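1. Got a sequence here, can you build the structure:
(chains A and B)
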Protein chains: 2
Amino acid sequence: MIPVIEPIARLSAQLARLPGVGAKTAQRLAYYLLGVPKEQADELAAAIVSARELVRSCPVCGGYTDMPLCALCADTGRDAATVCVVQDARDIMAIEKSRAFFGKYHVLNGALSPMEGIGPDDIRIAELVQRVDAGGVMELILATNPDVEGEATASYIARLFKDKAIRMTRLAHGIPIGGNLEYTDGVTLAKALSGRTAL
Amino acid sequence: MIPVIEPIARLSAQLARLPGVGAKTAQRLAYYLLGVPKEQADELAAAIVSARELVRSCPVCGGYTDMPLCALCADTGRDAATVCVVQDARDIMAIEKSRAFFGKYHVLNGALSPMEGIGPDDIRIAELVQRVDAGGVMELILATNPDVEGEATASYIARLFKDKAIRMTRLAHGIPIGGNLEYTDGVTLAKALSGRTAL
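-> Next up is the predicted model:
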């Protein structure tokens, strides 16, 4: 008989909902949380609750923040004329890590996907239009993902603003730094070839 | 600039304390928890807190339970004369899964380790002596781990009861079912040879 201890089973089930956590890992984590000092378990629970309570969307860019305005939108040193449009708040962190972009962001909170029933009204496109209409934006870098949904979203936005005097760009495709020609897929290689740069 | 959003940083730090969760996975999980419906995040937090509140040690065997007595100790159909001594409450589940043991358990909550300063008084050995002294125990299966600490703990317990009329056994060592001779380590093979059984 494998005794079912209800509170452990419930904790395992909740942990198993996390991405990349299977039933076995969930059980291991549940038992781990039973074994640590009670403060550590309580701190984790409290951190989950307070993150949900304190973190909100920045009303301008849509990224995460615990302030009235996010640190990037509040930073007057950044170039407000260049807006990088991303699908997800996490993408901001990835781009900031590159230390190569000093403009502002706009988070769409998703990408167009007819398959999943996600249309233009379901993502933050109206907010983008409003932002551009308010003036001052000279370039939109459409940094959506290079997949079907991301490309469709970029084209949709590009069409939306085609009559306005705004530069619209996409991130370059090519071989990743430190990558290997032999292991680079054909589509990426084709993009790297067509986008080759002069020495 | 990578903006530090304090509640997210705190949640990531707490998640990174879980075993097998590195800084990057912790951050991914933190953002995941910000993206799910608030109820799911709250349910996880509540499951952690309630598991710590409701789950206690069984006063007899030392395994986890949310009842006054654990289901295995309360089961009068199990053979109380055979007690399987394990290091950890999780080991009970592993043995129960084998569906080959129908006795009672005793959880030591650790193993002797002079290196880590864990002596006989730090694990549930006094409780085991008490249980045996109360009478009715005919065999102790010393199912501690087959490592230095586990073997030392088993020898210690065996010496402790050597003058009593109790059978003391250890789990057999050998090649795992489905295992491969070629990939079996030498020590295990030596044990499998010395413990060979007649056909």
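2. For chain A, just list every one of the strands.
-> Applying DSSP state E to chain A gives strands spanning A:56-57, A:64-65, A:79-86, A:103-107, A:139-142, A:167-170.
3. Which among these is found nearest to chain B?
-> Nearest to chain B, of all the strands of chain A, is strand A:64-65, at 5.6 Å by CB to the nearest CB. Using the backbone N, CA and C atoms, a C-beta is placed for each residue, glycine as well.
4. which outside residues touch the longest helix seen in chain A?
-> Using DSSP state H, we find that the single longest helix of chain A is helix A:38-54. With contact meaning CB atoms under 8 Å, 6 or more residues apart in numbering or on different chains, helix A:38-54 is reached by A:33-34, A:66, B:6-8, B:10-11, B:13-15, B:17-18, B:30, B:33-34, B:38, B:41-42, B:44-46, B:48-49, B:51-52.
5. Reformat the strands of chain A as CSV; add distance to B:R159 and mean pLDDT.
-> Below are the strands of chain A laid out as CSV (distance: least, CB to CB, whole Å; pLDDT from 0 to 100):
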stretch, distance to B:R159, mean pLDDT
strand A:56-57, 63, 92
strand A:64-65, 60, 94
strand A:79-86, 66, 95
strand A:103-107, 66, 96
strand A:139-142, 73, 94
strand A:167-170, 74, 92
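6. can you redo these as CSV with mean neighbour count?
-> Shown next, in CSV, are those (neighbours: other CB atoms under 10 Å in any protein chain shown):
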stretch, mean neighbour count
strand A:56-57, 15
strand A:64-65, 24
strand A:79-86, 18
strand A:103-107, 23
strand A:139-142, 21
strand A:167-170, 15
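7. Ok, which of those comes nearest B:I175?
-> Shortest distance between B:I175 and the strands of chain A, using CB to CB, is found for strand A:64-65: 52.8 Å.
8. So the closest one, near chain B or not?
-> Yes. Judged by CB under 8 Å from any CB of the partner chain, strand A:64-65 and chain B are in contact via A:Y64, A:T65.
9. With stretch A:133-149 instead?
-> No. With CB under 8 Å from any CB as the criterion, chain B is not reached by stretch A:133-149; the gap is at least 15.7 Å.
10. measure A:R99 to chain B for me?
-> A:R99 sits 9 Å away from chain B, going by CB to the nearest CB, to the nearest Å.
11. Would you confirm that A:D66 contacts B:P3?
-> No. Under the criterion of CB atoms under 8 Å, A:D66 makes no contact with B:P3, lying 10.1 Å away.
12. Please parse chain A into its domains.
-> A:6-54, A:77-167 (automatic domain parsing).
13. okay, the ones you listed, which one's buried deepest?
-> domain A:6-54 (a mean of 18; mean count of other CB atoms under 10 Å in any protein chain shown).
14. Between the two ends of that one, how far is it?
-> End-to-end span of domain A:6-54 (CA to CA, to the nearest Å): 31 Å.
15. For A:R196, what are phi and psi?
-> phi -60, psi 150 (degrees, to the nearest 10).
16. which ones are touching the closest residue to A:A71 other than its chain neighbours?
-> If the residues on either side of it in the chain are set aside, A:A71 comes closest to B:P3, at 3.9 Å by CB to CB, 6 or more residues apart in numbering or on different chains. With contact set as CB under 8 Å, 6+ apart, B:P3 has these partners: A:T65, A:C70, A:A71, A:L72, A:E96.
17. wait, what's in contact with the fourth one?
-> Same thing as A:L72. Counting by CB under 8 Å, 6+ apart, A:L72 touches A:C58, A:C61, A:G63, A:R78, A:I92, A:E96, A:K104, A:Y105, B:M1, B:P3.
18. Can you tell me which of those residues end up in helices?
-> With helices taken from DSSP H, the overlap with those comprises A:I92, A:E96.
19. which residue ends up closest to the midpoint of chain A in space?
-> The centroid of chain A falls nearest to A:D88 when counting by CA atoms, centre = their mean (2.2 Å).
20. just checking, that residue touches A:I95?
-> No. With contacts counted by CB under 8 Å, A:D88 stays clear of A:I95, the gap being 11.1 Å.
21. gap between the residue of chain A positioned farthest from its centre and chain B?
-> Ranked by distance from the centre of chain A (CA atoms, centre = their mean), the top residue is A:M1, with 45.5 Å. Between A:M1 and chain B the distance, using CB to the nearest CB, works out to 6 Å.
22. Who are the contact partners of that residue?
-> Taking CB under 8 Å, 6+ apart, one finds B:A71, B:L72, B:D75, B:E96 in contact with A:M1.
23. residues in contact with the last one?
-> Residues touching B:E96, when contacts are defined by CB under 8 Å, 6+ apart, comprise A:M1, A:I2, A:P3, B:L72.
24. Which residues are in contact with the second one?
-> With CB under 8 Å, 6+ apart as the criterion, the residues that contact A:I2 are B:M93, B:E96, B:K97.
25. if we go to 6 Å?
-> Contacts for A:I2 were tallied using CB atoms under 6 Å, 6 or more residues apart in numbering or on different chains; they are B:E96.
26. follow-up on the earlier one: which pair of the contacts of B:E96 spans the longest distance?
-> A:I2 and B:L72, at 9.7 Å, using CB to CB across those.
27. which parts of chain A sit against chain B?
-> When proximity is defined as CB under 6 Å from any CB of the partner chain, chain A approaches chain B at A:2-3, A:5, A:7-8, A:10-11, A:14, A:18-19, A:29, A:31-34, A:38, A:41, A:43-45, A:47-52, A:54-55, A:64, A:66, A:71-72, A:90, A:96.
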